[in-house]
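Asks: this one's sequence-less:
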């Protein structure tokens, strides 16, 4: 059976341990904080002893060796290993709050000489720089607004998808709660007719039939849907040819309840037959 490996990286405090627990629950043999120098030897050993599914977490504690990882993952793919790379991220404000709440020291804190919150912010930005290359090659999950149960669900949703095929993630969100950090493309649909102003539709969402029918009848909504689909039709194939593994398309409206949800649902249906397709509703998934 083909060996599968999931490599989890990301910002300290972003939820890597939660993601690793999700994979352990799904039957993966997991190890945390594996030094990159040991990756190839570890995979060979664990494949022989524990089967065909392995997950490892690496972070900035191995900062000096992290530049090895992109080349290692490329070599593993060339050797026929099914590789997924997952990057957990969160906003700087969120990470500062999490470290303050847990009173834990950031792994890079000794490299910053100043004291207090300003030093923590600088440390987080340094970590972003060190992890930038790994982030570019991974599926990014922004955990800023996610509860642990949501993050568990997001990670588990990846597992049934073939890892050697481009994965297209459609995500709805509310601009009033900020733009998702994990978005590769962001489309603003706040100019479209808003069901919020229809009393009977206000308590519903874009997944409900009355809202979907209302939006389907709006010419502007149909044009926006066609424009986004045309853009993706044009560029997804070149990205896949360039060995791009993941693309996240975020659709935002004011409240993340109606217009963005409807468009994400429609786009996910439109592209499901061509690519691995996931859909997420940031403001609804936690309800």
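Replies: Looks like it came in fine. As the structure is a prediction and not an experimental result, all values here were calculated from the model.
Asks: Please make it C-alpha for all contacts and neighbour counts, starting now.
Replies: Fine.
Asks: Tell me where the longest helix sits in this protein.
Replies: helix 219-241 (DSSP state H).
Asks: helices or strands up against that one?
Replies: helix 259-271 (3 or more C-alpha pairs under 8 Å, 6 or more residues apart in numbering; DSSP states H and E).
Asks: Mind listing residues that contact stretch 231-248?
Replies: 137-139, 164-171, 182-185 (C-alpha atoms under 8 Å, 6 or more residues apart in numbering).
Asks: Could you list the buried residues of the longest helix of the chain?
Replies: 221, 224, 225, 232, 236, 240 (16 or more other C-alpha atoms under 10 Å).
Asks: Report the distance from stretch 12-22 to the chain centre.
Replies: 13 Å (C-alpha atoms, centre = their mean, to the nearest Å).
Asks: Now do the buried residues in that stretch.
Replies: 12, 13, 14, 15, 16, 19, 20, 22.
Asks: about what we covered before: wait, which of the contacts of stretch 231-248 is closest to residue 279?
Replies: Closest to residue 279 out of the contacts of stretch 231-248 is residue 170 (4.7 Å), distances taken as C-alpha to C-alpha.
Asks: Next one: residue 106 from residue 231, what distance?
Replies: 41 Å (C-alpha to C-alpha, to the nearest Å).
Asks: Same question for residue 220.
Replies: Applying C-alpha to C-alpha to residue 220 and residue 231 gives a distance of 17 Å.
Asks: again with residue 96
Replies: 37 Å.
Asks: Check residue 191 too.
Replies: Counting by C-alpha to C-alpha - residue 191 and residue 231 are separated by 19 Å.
Asks: hey, where'd the strands end up in the stretch 151-287 of the chain?
Replies: Counting by DSSP state E, counting those that start in this stretch, the stretch 151-287 of the chain has strands at residues 167-174, 185-188, 246-253, 276-281.
Asks: so can I have CSV of those showing mean neighbour count?
Replies: CSV is the format used below for the strands of the stretch 151-287 of the chain (neighbours: other C-alpha atoms under 10 Å):
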stretch, mean neighbour count
strand 167-174, 25
strand 185-188, 15
strand 246-253, 24
strand 276-281, 20
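Asks: any chance of those in JSON lines, plus distance to residue 155 and mean pLDDT?
Replies: JSON lines is the format used below for the strands of the stretch 151-287 of the chain (distance: least, C-alpha to C-alpha, whole Å; pLDDT from 0 to 100):
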{"stretch": "strand 167-174", "distance to residue 155": "12", "mean pLDDT": "96"}
{"stretch": "strand 185-188", "distance to residue 155": "21", "mean pLDDT": "98"}
{"stretch": "strand 246-253", "distance to residue 155": "14", "mean pLDDT": "97"}
{"stretch": "strand 276-281", "distance to residue 155": "11", "mean pLDDT": "94"}
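Asks: Need the ones you listed in CSV (columns: distance to residue 267).
Replies: Converted to CSV, the strands of the stretch 151-287 of the chain look like this (distance: least, C-alpha to C-alpha, whole Å):
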stretch, distance to residue 267
strand 167-174, 7
strand 185-188, 12
strand 246-253, 10
strand 276-281, 9
